[in-house]
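> sequence and computational prediction follow.
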Amino acid sequence: MKIMDEPQKNLLGADHNANVGGAPVPPPMPPKIFSSLPSSLGAGNPASRPPFASTGIPPRPINVPPPLPSMPNMSNNAPKPFFPPAPSIPSRPVATPMESKTPAPSAPMVNIRSMSSDAQTLKESGGIAPKPQTIKLETLEDNMPMLTPMTNNQLPSGEVASSGHRVLNVILEVILVFVVAVVLGFVGYYFVYPMIFDDKLALAPVVVKPSVAPVVVSPKSEVALTHKTLFTKPVSEQATVSLSDLTAIDIIEALQTEARRVAVAGTLREINLQKGGALIKFSQYLNALLPDVSVTDIASVAEEDFTGFLYYDDKGIWPGYVVKIKNGANSTQIANWVTKFENADVSKLYVSDPGSMDSFKDGPYKNAPVRYVKFTKPGASLNYGIFGETLVIATSFNALKAAVAALGL
């Protein structure tokens, strides 16, 4: 049922259409129903509503809903839907701190001096005295340049590359200064200082404290060995044999060289053994030929000076030795030396190979205890014995007899 008249309909449509493409407008207020109802309401159907005059009851007002908006045109030119604008929210006031009623202190005045200010004041005062410049601290702070360090990326490439060289140069300069200081100190202490202060130091009295001379204990010097032959009877020949070294090989080779000198049978040649022009000790000589007999064992029973010899006969050339028994040597020491001597390789006492060795046996000679051992080579037999105070060692029995005769026994 139509409840609005045509002007209202047209007004709504016009307002609606006017919103197309423009700013959104609020919807129209609903019309006053009672004032806008057409006078012909119910004229088309007079029987449905009796006239007010016939009933005597005033008509009840009719609540008519607001008119529906017209359907929008769905074509491409249809207007956009209307959205009411969002209500504006007032901004919240920002609280501001209460202003202090106490005024801020003014910047203090400071006196500063610089090279330019001193030059200026000296110029103004005629060179009497420089005066400091009085300025406000805040002015000084405002005018102070802000220094910001430069990074490696901001530095020129040459400065970054030469930084290592600068460090090296600094180190070298420090070392150079140190060396120069040491040299100057040395020169000053040992040359300049004595030249200046020698006279003053000479005037000072010199106090000499008595000192006890230190007792220097010098090592006991070894008495040079002197040779004295033990033969009391004249011998056929004498010779000096020099050794290059004190070893068994050098001794045997030296004796072999001396043995090649021709001599008739029965010759007793006394030899003086030396090394480097010095006499050789018997303990060292016998130990070189017989390493199993120690130098200590030999020196405990025999003196160091000894007499060597070579005896010639028709069966060969036989070396031998004569040495004094040491004073104080007891029977135990001699027995110990005898045991080690007989267990050693006594074939080294020969100038040539004597062959196989038998066992030691007793064979007294001229009432002296003698021990001997035979070898397979004809004439080779090692004999040793003590005759009075002399020990005789011979590589054949004939050589032993010749040495004892030369001793005057």
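Received, thanks. Numbers count the residues shown, from 1 in each chain.

> would Val392 count as being in a helix?
No. If the criterion is DSSP: H, G, I helix; E, B strand; the rest coil, then Val392 is strand and not within a helix.

> you'd agree it is up against Ala402?
No. Counting by C-beta atoms under 8 Å, Val392 stays clear of Ala402, with 10.3 Å between them. Using the backbone N, CA and C atoms, a C-beta is placed for each residue, glycine as well.

> who's more crowded, the two?
More crowded of Val392 and Ala402, by other C-beta atoms under 10 Å: Val392, with 25 against 22.

> contacts only, for the more buried one.
Gly320, Tyr321, Val322, Asn383, Tyr384, Gly385, Ile386, Leu400, Ala403, Val404, Leu407 (C-beta atoms under 8 Å, 6 or more residues apart in numbering).

> now Tyr384
Phe341, Val370, Arg371, Tyr372, Leu391, Val392, Ile393, Ala394.

> now the strands: where do they sit in the stretch 101-250 of the chain?
Per DSSP state E, counting those that start in this stretch, the stretch 101-250 of the chain has strands spanning 109-112, 133-136, 237-243. These are given in chain order.

> can you lay out these as JSON lines showing mean pLDDT?
Listed next are the strands of the stretch 101-250 of the chain as JSON lines, based on pLDDT from 0 to 100:
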{"stretch": "strand 109-112", "mean pLDDT": "70"}
{"stretch": "strand 133-136", "mean pLDDT": "68"}
{"stretch": "strand 237-243", "mean pLDDT": "94"}
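
> same list (the ones you listed) but as CSV, adding mean neighbour count.
Output for those, formatted as CSV (neighbours: other C-beta atoms under 10 Å):
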stretch, mean neighbour count
strand 109-112, 11
strand 133-136, 13
strand 237-243, 14
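
> those strands: which one's closest to Ala181?
strand 109-112 (39.4 Å; C-beta to C-beta).

> other SSEs contacting that closest one?
The helices and strands touching strand 109-112, judged by 3 or more C-beta pairs under 8 Å, 6 or more residues apart in numbering; DSSP states H and E, are strand 133-136, helix 137-143.

> surely Pro364 and Asn383 touch.
No. Here Pro364 does not reach Asn383: they are 11.0 Å apart, not a contact under C-beta under 8 Å.

> overlap in contacts, the two.
Common neighbours of Pro364 and Asn383 are listed as Val370 (criterion: C-beta under 8 Å, 6+ apart).

> which one's more surrounded, the two?
Between Pro364 and Asn383, Asn383 has the larger neighbour count (other C-beta under 10 Å), namely 23 against 10.

> now the more buried one: which helix or strand?
Under the criterion of DSSP states H and E, Asn383 resides in strand 381-387.

> may I see the buried residues of that strand?
Ser381, Leu382, Asn383, Tyr384, Gly385, Phe387 (16 or more other C-beta atoms under 10 Å).

> again with stretch 402-409
Neighbour count says stretch 402-409 has Ala402, Ala403, Val404, Ala406, Leu407 buried, by 16+ other C-beta under 10 Å.

> can I get the residues you listed in a markdown table with secondary structure and pLDDT?
Formatted as a markdown table, these follow (DSSP: H, G, I helix; E, B strand; the rest coil; pLDDT from 0 to 100):
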| residue | secondary structure | pLDDT |
| --- | --- | --- |
| Ala402 | helix | 96 |
| Ala403 | helix | 95 |
| Val404 | helix | 95 |
| Ala406 | helix | 95 |
| Leu407 | coil | 94 |
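
> relative to Tyr285, which of those is nearest.
Ala403 (16.8 Å).

> redo the strands of the stretch 101-250 of the chain as JSON lines? Include distance to Gln274.
Below are the strands of the stretch 101-250 of the chain laid out as JSON lines (distance: least, C-beta to C-beta, whole Å):
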{"stretch": "strand 109-112", "distance to Gln274": "102"}
{"stretch": "strand 133-136", "distance to Gln274": "106"}
{"stretch": "strand 237-243", "distance to Gln274": "5"}
